[in-house]
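A.B. asks: based on what follows, work out the 3D shape:
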Amino acid sequence: MKEDKTEGMFPAVILNLSGIYKEEKFWLQGNGNSERCEQISEISWVDAQDISGTNCYCDEEAAAEINRRTENVPVAGIHFIDSGNYHYITRLWIGRIREPFRLLVFDNHTDMQLPAFGGLLSCGGWIAAALEELEKLCQVILVGPDEEACSQVEDRLKEKVVFLSREHLASLKKEEILQELKGILAGNDLPLYLSIDKDVLGTEDAQTTWSQGDMSLQTLAGCVKQTLECAEQVPFKIAGVDICGECDRESAHDSTSNDKANRELLELFLPIRGK
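C.D. replies: Residues are numbered from 1 along each chain as shown. Model prediction:
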């Protein structure tokens, strides 16, 4: 019997690590301009601001506490996980997937650097950790890093990775990018987990803590739509989604572009049906 993909809505959770999301309005009904606007009903919050040992690196105690506080949050949902400093949380989410799956990542960095400190999960090495530790992870599709960064990834890690480099994407028109992504995604029907770091975007579409790429929000949204269409056509299950790339709260910044990007991505993912 086929799985019923029309039951329930894809829920969203905001993991409150730095407090930055309190300065944004994408999680409110309407445009968020009214003080009386209410939170979108499908969104819930998990407070984690008091957990130490989480910024850029995550020690075992912090990882255990994050897992404890999110144990009732389904992987099959949309997870907002703050700045790129916390992108390693994707590793925690996908560690709960119990069937063979693929991982699609939009990021300006490879996040496959081996850790400088043993035993610590890091924002710069979480994909490497996932490839080494998760038997069920069959393929990583990494969209956005430059060719030099891709070339520096260890050969043993490249075996399961498909790279779409920044330079390669720049040589293609938007429709060509979408067709190439479609060809990769249609290769099999394994469940797909999506992870988006907004540092893949140019500075006109996001303001992040890390160095940024030059992808437009329009192109990123097009890639997301193409992915969701492939999921319906092949078909395959969307195992879950997470989004990061906020700016450090302490940094002087205008969060308007981040807020807009978060809202556009939320509106694309929220209608997904799931259990």
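A.B. asks: wouldn't residue 91 be in contact with residue 124 here?
C.D. replies: No: contact criterion Cβ atoms under 8 Å: residue 91 and residue 124 do not qualify, at 11.9 Å. Every C-beta, even on glycine, is put in place using the N, C-alpha and C of the backbone.
A.B. asks: higher neighbour count, the two?
C.D. replies: residue 91 (25 against 21; other Cβ atoms under 10 Å).
A.B. asks: now the residue lying closest to the more buried one once chain neighbours are set aside: phi and psi?
C.D. replies: In space, and not counting its chain neighbours, residue 91 is closest to residue 126: 4.3 Å by Cβ to Cβ, 6 or more residues apart in numbering. Main-chain torsions, residue 126, degrees, to the nearest 10: phi -70, psi -30.
A.B. asks: which regions of the stretch 151-275 of the chain lie under the pLDDT threshold?
C.D. replies: Applying pLDDT under 70 to the stretch 151-275 of the chain flags residues 252-253, 274-275.
A.B. asks: mind jotting down where the strands sit in it?
C.D. replies: 161-164, 192-197, 238-244 (DSSP state E, counting those that start in this stretch).
A.B. asks: would you format those as a markdown table with mean neighbour count and distance to residue 173 included?
C.D. replies: A markdown table is the format used below for the strands of the stretch 151-275 of the chain (neighbours: other Cβ atoms under 10 Å; distance: least, Cβ to Cβ, whole Å):
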| stretch | mean neighbour count | distance to residue 173 |
| --- | --- | --- |
| strand 161-164 | 18 | 14 |
| strand 192-197 | 26 | 22 |
| strand 238-244 | 25 | 26 |
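A.B. asks: could I get these as TSV with distance to residue 48?
C.D. replies: TSV is the format used below for the strands of the stretch 151-275 of the chain (distance: least, Cβ to Cβ, whole Å):
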stretch	distance to residue 48
strand 161-164	30
strand 192-197	18
strand 238-244	14
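A.B. asks: have a look at the protein and report its longest helix.
C.D. replies: If you go by DSSP state H, the chain has its longest helix at helix 217-233.
A.B. asks: contact partners for residue 140?
C.D. replies: Counting by Cβ atoms under 8 Å, 6 or more residues apart in numbering, residue 140 makes contact with 102-105, 127, 130-131, 160-162.
A.B. asks: now swap in residue 217 and tell me
C.D. replies: Per Cβ under 8 Å, 6+ apart, neighbours of residue 217: 201, 205-206, 260-261, 264.
A.B. asks: isn't residue 236 right up against residue 189?
C.D. replies: Yes: the pair residue 236 / residue 189 is scored as a contact, 4.5 Å apart, by Cβ under 8 Å.
A.B. asks: of these two, which one has the most company?
C.D. replies: Neighbours per residue, other Cβ under 10 Å: of residue 236 and residue 189, the larger number sits with residue 236, 19 against 14.
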